[in-house]
Each structure stands twice: as C-alpha cells, then as structure tokens.
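Chemist: after the sequence you'll find the predicted model.
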Amino acid sequence: MLAGLLMACQVHAGKLSIVIDDFGYRPTQENQVLQMPPAISVAVLPDAPGARVMATKAHQRGHEVLIHLPMAPLSKQPLEKDTLRPDMSSAEIERIIRAAVASVPYAVGLNNHMGSAMTSSLPGMQKVMQVLNNYNFYFLDSMTIGNSQSVPAAAGTHVKVIKRRVFLDDTQNEADIRKQFLRAVHLAQRDGSAIAIGHPHPTTVKVLLQMLPTLPADITLVRPSQLLNEPQSVGHRPLPAKPVPPRNPFRGVKICPVAPQPVPAILALNVVADSIADSQAMRYIKTNFSGLSLQPGKTP
C-alpha cells in the first residue's frame, strides 16, 4: 500500500571520539599517533618527561590536548607524583592542577589517570570541579569506577562532564582491541556518539592504523569538545541521575542502509487506483452487476 511505500529508515551519522592516554613517555608510538587524523585526541601526563614537547607537537598538528591527571585508585599501587586524593585540601588540589596546566600547554580539558578512589568521592570531586571552573576546562570521566561522582560534583559550576564508553586496550591482544574498536563504532551508530580511550602501546597503534581507514561511512571522528552538548545516553535513553555500574547493552534498533527516496505523484496515484480496483467491494460489483445496463426512466 501507499503508506508502506512512503515509510523508510533514515541514516544517522554517529560521532566517535578517540582519546589516547598516557602521552609523554613513548615518543616512538606517540609520534605515530600524531600521524593519525587530527580528530584523534591525546591526554598528556603532566609529570612525564615528554609532556611539554608532545602537547605542543599535538596542538601544532591539530589534535585536541587534555591533561591526564593522576588520581588515587582504590587499589594499592605506585602512584605518580602529585596524585590527587580525596583527603587533600582545596588549596593543595588547586596547586597540583595549576602545575599541571603549566606542564601541558594548549590543554582544553582534563581526564583522570586511574582515580577510582578519587572519582567516587563526592567531596573530593567537588573540590576538583571548583578548581576546573576557573580554567574553562571540560572533564572527561575515564569511568574507572561505576559510581563516579563527576556529574553531581560539577553541579553549580560551568564544567561540562562527558564520559568514556569503551576502553580499547584493557589487554594487548590484537583481536581484543579490534573487538573493542568495533564496539565503540556500534555504540556511536546506535546512540549517536561514543568516546573510546586507548593508550600508545605498539599493538593499539597498529590496530588503529589499520582500522581507522575502514570506518563506516556513517561514522564521523570528532574531538571530545565536540560532544559537550551531546546527550549522554545509553540505548537512546538519557543516563539515570544516580550513576550505575557500566554495562554493555547491545540491544538497539537496526539502521536502514539507504536514505528515503521520494515517491513520484503518478506512481502514488497508480498504487491507489490499483488498490481500489483490486478491492473486495469492486470485485463484488463486477461479479453481480457487470451484465446490467440502465435505460432512461428505469431503475434496476
């Protein structure tokens, strides 16, 4: 029928942001990352030996730069210098962030290195957001813990919070990294946008160099700052106000691979005429009244 012909799916371009963390320690792999499309962004550790050089080079080549600020984890492990802890004073946090800004030129945002203990502390993150409010930075939550308090902590400030959806390289297995890359693409297609975080490991760099040129036509690479006004959603639904553990729902709507085509008026009319001609009512009239003819002054 005509209504069926007029209905079609519409292709929506998905926005995919990829951020490479831990910049400043591996110049060989980092220089390979900087040869990738400028939309690939980098997060620089402020106390890394190559922090200033790599941040400057990344900016010159058009990549967005973030400060990859160490924050305290719940697990016991060696910490970077000036790792933020929930029990620090506002003045100490301000000092550390100020020093990080000086060490990472051209930064426009900040994301956490580790940080499960810090980001899950509302008082601790409120102090961080109050400081970031003075720098006009956005905060990319690496989501190292499900109950991160970054969003409620930013309330009352101008700091915009966006969240990582996929870690590309929890393992250094090439097949696993490919799978995670495709998952990030799927989430961007399904939800409109997604942020993936990786690291300058040789295997990660190899996979990205192979797969970035094969991105689907409906995926656009963007910088994190281009997602600041995008709804943070899962499965087309806004994220709940209370943070929940990250989950991986793969139920989504199928995307029609073709754009809708206009239906010519004559075709539409022909479809309507054929539909009427083939209707049950017309078949009844043809069967029961086809032999009758009307004469003036007579009724059937």
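Modeler: Perfect, thanks for sending it.
Chemist: and the strand ranked longest in the chain, how far out from the chain middle?
Modeler: Looking only at the chain and at elements set by DSSP state E, the strand with the highest residue count is strand 14-23. Strand 14-23 has its C-alpha centroid displaced from the chain centroid by 9 Å (C-alpha atoms, centre = their mean, to the nearest Å).
Chemist: okay, now the sheet partners of it, with direction.
Modeler: Strands adjacent to strand 14-23 in the sheet, as given by DSSP bridges, are strand 41-44 (parallel), strand 193-198 (parallel), strand 219-221 (parallel).
Chemist: now mean neighbour count, mean pLDDT and distance to Y135 too, for those strands, in JSON lines please.
Modeler: Glycine gets a C-beta too; all of them are placed from N, C-alpha and C. Rendered in JSON lines, the data for the strands paired with strand 14-23 read as follows (neighbours: other C-beta atoms under 10 Å; pLDDT from 0 to 100; distance: least, C-beta to C-beta, whole Å):
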{"stretch": "strand 41-44", "mean neighbour count": "30", "mean pLDDT": "98", "distance to Y135": "15"}
{"stretch": "strand 193-198", "mean neighbour count": "25", "mean pLDDT": "98", "distance to Y135": "21"}
{"stretch": "strand 219-221", "mean neighbour count": "17", "mean pLDDT": "98", "distance to Y135": "26"}
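Chemist: mind checking which of the ones you listed is nearest M129?
Modeler: Of all the strands paired with strand 14-23, strand 41-44 sits nearest to M129, with 18.1 Å by C-beta to C-beta.
Chemist: now the element after the closest one, going C-ward?
Modeler: Moving toward the C-terminus from strand 41-44, the next helix or strand (DSSP states H and E) is helix 51-60.
Chemist: how about the closest residue to F23 other than its chain neighbours, what does it touch?
Modeler: Leaving aside its sequence neighbours, F23 sits nearest to V44 (C-beta to C-beta, 6 or more residues apart in numbering; 4.2 Å). Taking C-beta atoms under 8 Å, 6 or more residues apart in numbering, we find V44 in contact with F23, G24, A51, M54, A55, A58, V65, L66, I67, H68, V104, A107.
Chemist: let me know the pLDDT of the residue lying closest to the fourth one once chain neighbours are set aside.
Modeler: Take M54 and drop its neighbours on the chain: the residue closest to it by C-beta to C-beta, 6+ apart is F23, 5.1 Å away. The pLDDT attached to F23 in the predicted structure is 98.
Chemist: for A99, see how far away F23 is.
Modeler: Applying C-beta to C-beta, to the nearest Å, the value for F23 to A99 is 17 Å.
Chemist: more crowded one of those two?
Modeler: The residue with the greater number of neighbours, taking F23 and A99 and applying other C-beta atoms under 10 Å, is F23; the counts read 31 against 14.
Chemist: so how far is A55 from the more buried one?
Modeler: From F23 over to A55 (counting by C-beta to C-beta), the distance is 7 Å.
Chemist: do the same with A99
Modeler: A99 sits 14 Å away from A55, taking C-beta to C-beta as the criterion.
Chemist: in stretch 78-85, what's buried?
Modeler: By neighbour count on 16 or more other C-beta atoms under 10 Å, the buried set for stretch 78-85 is E80, D82, T83, L84.
Chemist: quick one: which of those is nearest to T171?
Modeler: Nearest to T171 among the buried residues of stretch 78-85, counting by C-beta to C-beta, is E80 at 22.7 Å.
Chemist: the spatially closest residue to the closest one that is not a sequence neighbour: neighbour count?
Modeler: Once its chain neighbours are removed from consideration, E80 has its nearest residue in P70; the separation is 3.8 Å (C-beta to C-beta, 6+ apart). Here the number of neighbours of P70 (other C-beta under 10 Å) works out to 21.
Chemist: run the chain-centre distance for the helix or strand where P70 lies.
Modeler: Element membership for P70 (DSSP H and E) is strand 65-71. Its chain's C-alpha centre lies 19 Å from the corresponding centre of strand 65-71 when counted by C-alpha atoms, centre = their mean.
Chemist: so that strand versus strand 193-198, what angle?
Modeler: Computed by axes from the mean of the first three to the mean of the last three C-alpha atoms, to 10 degrees, the angle separating strand 65-71 from strand 193-198 equals 60 degrees.
Chemist: ok, then the element right after strand 65-71?
Modeler: Secondary structure here is assigned by DSSP H and E; on that basis, the next helix or strand after strand 65-71 toward the C-terminus is helix 90-103.
Chemist: so which residues of the stretch 101-250 of the chain form helices?
Modeler: Under the criterion DSSP state H, counting those that start in this stretch, the stretch 101-250 of the chain carries helices at the ranges 116-119, 122-132, 150-153, 174-191, 202-211.
Chemist: closest to S17 out of the ones you listed?
Modeler: Distances from S17 to each of these were compared by C-beta to C-beta, and the smallest falls on helix 174-191, at 8.6 Å.
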